[in-house]
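S.K.: build me a model:
(4 chains, ligands or ions: 5)
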Amino acid sequence: MESHQVLIVGGGLAGLRAAIAVADAGRDVAVMSQVHPVRSHSVAAQGGINAPLGNAEGGKDDSWERHAYDTVRGSDFLADQDVVEVMSREAAEVIYELEGWGAPFSRTPEGRIAQRPFGGAEFPRTCYAADKTGRLLMHTLYEQSMRRRIRLYPEWMVLSLVVENGLCLGVVAYHMLTGELACLATGSVVFATGGYGQIYGRSTNSQFNTGSGMAHAYYAGVPLKDMEFVQFHPTTLIGSNILVTEAARGEGGYLINNKGERFMKDYVPKLMELGPRDIVARAIQTEINEGRCFDDGSVYLDLRHLGEKKIVERLPEVRSNCLHSLGIDPVKRPIPVQPGQHYSMGGIDCNVDGETLVKGFYAVGECACASVHGANRLGGNSLLDTVVFGRRVGRKITEAGTGESSSPNGKALERAKGRVEGWLKELFSGSGDEEPAQLRAELKETTIEKCGIFRDGAVLKEALSKVTELQGRYKKLRAIRGGRKFNHDMTRASDLGGMLDRAEVIVRGALAREESRGAHYRMDFKARDDVRWLKHTMVQHALEGPRFSYKPVAVTRWKPEVRKY
Amino acid sequence: MVIEKKVILEVFRFDPEVDKGPRYDSFTIDVKKGMTVLEGLLHILDVQDHSLALRFACREGVCGSCAMFINGSYRLACQTQLEALKGRRVWVGPLPHMPVIKDLVVDMRPFFEKVGLVMPWLEALSAPSGKEHLQSPQQRSIINEAVDCILCGICHSSCPMTWTKKDYLGPAALTKAYRFVADSRDVAAANRLALVNSEDGVWRCRTVFNCAEACPKNINPTDAIESLRRKLVSGRRKSR
Amino acid sequence: MRSKAEAGLLAWILQRVTAVLLFFALGIHLWVTHFVEPGKAITFESVVSRMQNPLLMSVDLTLLAAAMFHGLNGVRIIALDFGIGSRGLRSLTWFLVIFGVVGFLFGVNALWPFLSTSGRPLLEEAWWSLIRS
Amino acid sequence: MSGLRSAAARILGTRRTDLWPTNFKLGMWVWFLHRLTGVIILLYLVSHLLVIAFSRSVSSFDSLMVFFRRPVILVLELLLLAVIIFHTLNGLRIMLFDLGIGIRWQKALFWGLMGAGALMLAFSAIILLPFVSGA
Ligand SMILES: Cc1cc2nc3c(=O)[nH]c(=O)nc-3n(C[C@H](O)[C@H](O)[C@H](O)COP(=O)(O)OP(=O)(O)OC[C@H]3O[C@@H](n4cnc5c(N)ncnc54)[C@H](O)[C@@H]3O)c2cc1C
Ligand code: HEM
Ligand code: SF4
Ligand code: F3S
Ligand code: FES
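M.R.: Ligands and ions are numbered 1, 2, ... in the order given. Just a heads-up that it's a prediction; the model follows:
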């Protein structure tokens, strides 16, 4: 059995940033990821990363306070303000750090990091590298991890988090390339396993963003927080739901309905297309629902007036995605878009240093919820979240000195491995006739249709009974086939159980929350209700089903006010 | 959705530990408008043959997972429209010249190893201002192309020099080296140049251009390699 | 390591340098032999008279030397690309060096009848001068 | 079809699907031909030296030259010239790349040079082949 002082699960931005922080403190660290780190979903982030640098024309008066305020307001006041403060205070520093490590940001004429306007922000605050920001940052961190010779376990998928007596012992993992099952003992485990977009239909997320990390933490007894807050991105390509970054509107793109109107004037006339995501997404969905859309159910994102030069220079990826997926050149034709699932605001409950209820177990990045995004994340804030808190988690671990004292508990790990082994055997010898792909498709359909942008008590109840039905059918899966090596059938089937359980948590949380806040919009409770609902939803796994509780929101500087744009 | 046509996907199947030899399996699929080869393969995985092994993730051409050999050309499966391919038969194989692990999945470890050999990271002095290093848009534009690399391994697999000599660093690693040598902020160009200055480094490229033809990101590794060579030749003259 | 690196660079540069030399030398050689007086047969006499011109003679000698190096280094490159091991490469390189030197001397030998007034090849000439002395 | 392809894959080994013709882009043909022509020229050089070396006297040399004026040999010589022209011009192309010229339009450069080469060859044929020029 291999062992490491610190094991990071997830090779995205959050995971790698944490690993670098641990390595820089001279500790033994390894990164495990079910896809090679550079294939992580962080590479798909296009638009940029926020920090109040004040480099852009018109951004001179920006400050961390303004950034924090925009974030809190964007979150519809559900974010924990102390945590938001930390993020915006450290933002500039981590960006400079990334730049010093080689991140190839786009530049202003003076040679500074270029910044562009983004939705819900008062100043142009989003640092960018064309429309490939996430990808170029990812490669930068991957390069830096090579520099530090950080041990990688690529294409190793964690199947279980081992916790005993409130103490994290390690993980049980499956090696895709060989099919071998192994346990890894560690002093500390950090989950940086990303979001759960694939639970939803019409998701912009990578195929591997099933959020299995959240599931393993949940089953190990760690509470999940604010799971009902699911972000829908206003603009995804019709059909494939590939993202069209907010930067397209940041650079000046128009949203047009079938009457040729810039309909955002009816929703947020002051900000127009640059309203916060939840509002723009609802606006588009409203246009679609009320029939002011084109035949394929899309509205148009029109970039033509930006001119070829600007599009090629600032939005090359958007253009190539349109060409490859729709055969449309945005230089010549408007892009048909529709809203799609995009981001998980909720996640593993943790504090500002990523610490969770379980000693030695940390969470960071999109899978975590230290609560900076509250009910609605602002564009450009989640990349920032990954690197700021990645660094903090790494530093916290090395400070805390965990990982040195605890000696590997081989017996407990072997027992856990035995459990996983038994469960896999069950999958392979299933006697039912339910098709995992079919269940997954029905799940995705249910979530997007019944627990999507607009929610309603009665419909949510339907969603819940459908999810319960699916959970029942999951117990009657057909046998998984083939050998252990690179067996997608097995990994997808094993993921599916967790996806169903989290869908249940999302739907139940949404049903309980009788108000509209941020991305959570109830047709039957259209107003925000700070008296009853200014609190975080917490959910813990129990044998009889999810156990809900609530936790107060940290309000420090900014009293909740009506969110007006 | 409108079904545009039916396509027979012939997919390479091989598990070296089990099968005696490779074979191609045929699957008939209904092509909907906009359907990519990756979507076709995922359909096979979901519905027709659950044991198919392939790599995929982002499905939008940025993660570099789905590099394959489609109808005899190097492609990203997620960026290849089935409709756009001629004929009713489309055949799909793994990246040639890389050891097959299973079906369309090849062993990328040697490739990543090569990339790791060229000091593929920035070595910079800390910025004097305590802020960012200044880099003009012109300086940035020099590395525009090279930073675009998604490490998909296509160029490496396409270069005849890697076919016969496993030690050749290959176009991707060399492009990575160039990306840092050419970065105005970097201070370790000399060390990096020393690493690529070998028979298995820049000097092995025979300007075959397979790499530049195949790269899905339209990167031209040949250009990067030739630039490295010029730097080595002129650097040599300077050091005399 | 260092010397191996230099070998790659040097071989590459020399291949280019000899290519440039060849470009001119081969061009002149072909031009003078075939194109200046087209249709006129090449004879022993015509070659001798060409060789009496020191400039043209040196062009041909350059051609010989450069082509030997360039061609044999080319063979080495091809062997490299076929994945020859470092030991194989070392023996091959020695073989090519010897082949090149012998080939060059053999070439000079072959040209000698045109250079010397005696009309005998170089080796015979040397032999005779040895006997005479 | 898939059966055929399976058989081919089995015979050629798992790695050789790249030998599919569509994968032979211009650059690869050119590289291959450059190599081939280089070796041909080298072999010719060696035989050229041997021929000269073994015709050591005035009479043997001259009679050999007369022998060489047969049309077959002249055509062969022209072919050799074609080979040399190809190698020379493409060698030039490669060295232009080394100077950083033409990498982005390597195909155009190739066809341009080959056009020039064809003209050179035609010119040579007229001059060197008496039965072409009619002289
Ligand atoms: C299309 C798109 C565009 C975006 N654009 C922006 C933007 O412009 N600005 C912005 O701020 N944010 C953006 N975001 C959001 C942002 O990209 C993500 O929130 C962020 O990248 C998440 O990073 P992460 O490190 O937490 O997770 P990820 O990058 O998703 O990485 C998750 C990692 O965990 C691993 N993993 C997961 N489960 C397991 C397991 N069981 N075992 C082993 N490993 C596992 C995966 O292999 C992967 O390496 C965008 C998101 C999307 C979908
Ligand atoms: C007349 C002008 C010539 C020019 C401009 C020229 C140019 C070149 C160049 C630039 C290369 C290097 C190719 C590479 O590194 O990829 C090369 C290779 C080679 N040349 Fe020449 N050459 C010429 C004449 C000759 C002659 C006369 C011979 C034969 C004796 C020859 C034989 C070879 C061989 C065998 C190679 C190696 C093939 C390869 O690397 O692919 N060349 N030539
Ligand atoms: S240079 Fe192009 S082909 Fe090569 S690894 Fe990078 S993206 Fe892939
Ligand atoms: S294909 Fe290979 S030989 Fe050079 S130009 Fe590209 S690296
Ligand atoms: S799936 Fe990411 S590049 Fe194709």
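
S.K.: excluding its backbone neighbours, what's nearest A:Asn209?
M.R.: Excluding the flanking residues, the one nearest A:Asn209 by Cβ to Cβ, 6 or more residues apart in numbering or on different chains is A:Gly197, at 4.5 Å. No exception for glycine: its C-beta is placed from N, CA and C like everyone else's.

S.K.: what's around the one you found, how many residues?
M.R.: A:Gly197 has 26 neighbours, counted by other Cβ atoms under 10 Å in any protein chain shown.

S.K.: contact partners for it?
M.R.: Going by Cβ atoms under 8 Å, 6 or more residues apart in numbering or on different chains, A:Gly197 touches A:203-206, A:209, A:211, A:341-344.

S.K.: of the residues you listed, closest to ligand 4?
M.R.: Distance to ligand 4 across the contacts of A:Gly197 (Cβ to the nearest ligand atom) is lowest for A:Ser206, with 29.8 Å.

S.K.: from C:Thr18, how far out is the residue nearest to A:Asn209?
M.R.: Look at A:Gly197 and C:Thr18: by Cβ to Cβ, to the nearest Å, they are 60 Å apart.

S.K.: with B:Leu228 instead?
M.R.: 22 Å.

S.K.: out of those two, which sits in the more crowded spot?
M.R.: Shown here are B:Leu228 and C:Thr18; by other Cβ under 10 Å, B:Leu228 has more neighbours (26 against 21).

S.K.: tell me the confidence at A:Val94?
M.R.: As predicted, A:Val94 sits at a pLDDT of 97.

S.K.: in chain B, which helix or strand is least confident?
M.R.: Of all helical and strand segments in chain B, the minimum by mean pLDDT, DSSP states H and E falls on helix B:221-239, at a mean of 86.

S.K.: test my guess that A:Tyr96 contacts B:Ala127.
M.R.: Yes: the pair A:Tyr96 / B:Ala127 is scored as a contact, 7.2 Å apart, by Cβ atoms under 8 Å.

S.K.: and these two? which has more neighbours close in?
M.R.: It is A:Tyr96, of A:Tyr96 and B:Ala127, that has more neighbours when counted by other Cβ under 10 Å, with 21 against 14.

S.K.: element containing the more buried one?
M.R.: According to DSSP states H and E, A:Tyr96 maps onto helix A:81-100.

S.K.: now the helices: where do they sit in chain C?
M.R.: Along chain C, counting by DSSP state H, helices occupy C:2-30, C:44-52, C:54-81, C:86-115, C:122-132.

S.K.: so which elements touch the second one?
M.R.: Helix C:44-52 is packed against helix C:54-81, helix C:86-115, helix D:58-67, with contacts defined by 3 or more Cβ pairs under 8 Å, 6 or more residues apart in numbering or on different chains; DSSP states H and E.

S.K.: does the second one reach chain D?
M.R.: Same thing as helix C:86-115. Yes: contact of helix C:86-115 with chain D (Cβ under 8 Å from any Cβ of the partner chain) involves C:103, C:106-107, C:109-111, C:113.

S.K.: what stretches of the chain score poorly on pLDDT?
M.R.: By default, I'm working from chain A. For chain A, applying pLDDT under 70 flags the ranges A:401-407.

S.K.: that's the wrong chain, I wanted chain D
M.R.: D:1, D:12-22, D:131-135.

S.K.: spatially central residue in it, please.
M.R.: D:Val83 (2.9 Å; Cα atoms, centre = their mean).

S.K.: now for that residue: which residues touch it?
M.R.: Shown in contact with D:Val83 (Cβ under 8 Å, 6+ apart): D:37, D:40-41.

S.K.: which SSE is it in?
M.R.: Using DSSP H and E, D:Val83 falls within helix D:71-98.

S.K.: list the buried residues for that helix?
M.R.: Residues D:74, D:77-78, D:81-91, D:93-94, D:97-98 are the ones in helix D:71-98 that count as buried (16 or more other Cβ atoms under 10 Å in any protein chain shown).

S.K.: close to ligand 1: what parts of the stretch 51-200 of chain A are there?
M.R.: Residues of the stretch 51-200 of chain A lying close to ligand 1 by Cβ under 6 Å from any ligand atom are A:133-134, A:157-158, A:192-195.

S.K.: need these in JSON lines with secondary structure and distance to D:Arg104, can you?
M.R.: Below are these laid out as JSON lines (DSSP: H, G, I helix; E, B strand; the rest coil; distance: Cβ to Cβ, whole Å):
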{"residue": "A:Thr133", "secondary structure": "helix", "distance to D:Arg104": "27"}
{"residue": "A:Gly134", "secondary structure": "helix", "distance to D:Arg104": "29"}
{"residue": "A:Met157", "secondary structure": "strand", "distance to D:Arg104": "42"}
{"residue": "A:Val158", "secondary structure": "strand", "distance to D:Arg104": "46"}
{"residue": "A:Ala192", "secondary structure": "coil", "distance to D:Arg104": "41"}
{"residue": "A:Thr193", "secondary structure": "coil", "distance to D:Arg104": "42"}
{"residue": "A:Gly194", "secondary structure": "coil", "distance to D:Arg104": "39"}
{"residue": "A:Gly195", "secondary structure": "coil", "distance to D:Arg104": "40"}
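
S.K.: going by neighbour count, which of these comes out on top?
M.R.: With neighbours defined as other Cβ under 10 Å, the most crowded of these is A:Thr193; it has 36 neighbours.

S.K.: where does the residue nearest to it when sequence neighbours are not counted sit: helix, strand or coil?
M.R.: Take A:Thr193 and drop its neighbours on the chain: the residue closest to it by Cβ to Cβ, 6+ apart is A:Gly213, 2.5 Å away. Using DSSP: H, G, I helix; E, B strand; the rest coil, the structure places A:Gly213 in helix.

S.K.: and A:Gly213, how far from ligand 1?
M.R.: Per Cβ to the nearest ligand atom, to the nearest Å, A:Gly213 is found 5 Å from ligand 1.

S.K.: give the contact list for that residue.
M.R.: Going by Cβ under 8 Å, 6+ apart, A:Gly213 touches A:9-10, A:158, A:191-194, A:348, A:363, A:367.

S.K.: mind redoing it with 6 Å?
M.R.: Applying Cβ atoms under 6 Å, 6 or more residues apart in numbering or on different chains, we find A:Gly213 in contact with A:191, A:193, A:367.

S.K.: contacting residues around D:Leu109?
M.R.: So D:Leu109 contacts D:93, D:102 (Cβ under 6 Å, 6+ apart).

S.K.: element containing it, please.
M.R.: Using DSSP H and E, D:Leu109 falls within helix D:106-128.

S.K.: please identify the buried residues of that helix?
M.R.: The neighbour-count check on helix D:106-128 (16+ other Cβ under 10 Å) flags D:106, D:109-110, D:113-114, D:117, D:121, D:124-125, D:128 as buried.

S.K.: would you mind measuring from the residue in chain C that ligand 4 sits nearest to to B:Cys159?
M.R.: In chain C, the residue that lies nearest ligand 4 is C:Asp81 (9.1 Å; Cβ to the nearest ligand atom). Distance, C:Asp81 to B:Cys159, using Cβ to Cβ: 11 Å.

S.K.: give me the neighbour count for the closest residue to A:Lys132 other than its chain neighbours.
M.R.: Take A:Lys132 and drop its neighbours on the chain: the residue closest to it by Cβ to Cβ, 6+ apart is A:Glu317, 5.6 Å away. By other Cβ under 10 Å, the residues close to A:Glu317 number 24.

S.K.: next, B:Leu95: secondary structure please.
M.R.: Of the three states, B:Leu95 takes coil according to three-state DSSP.
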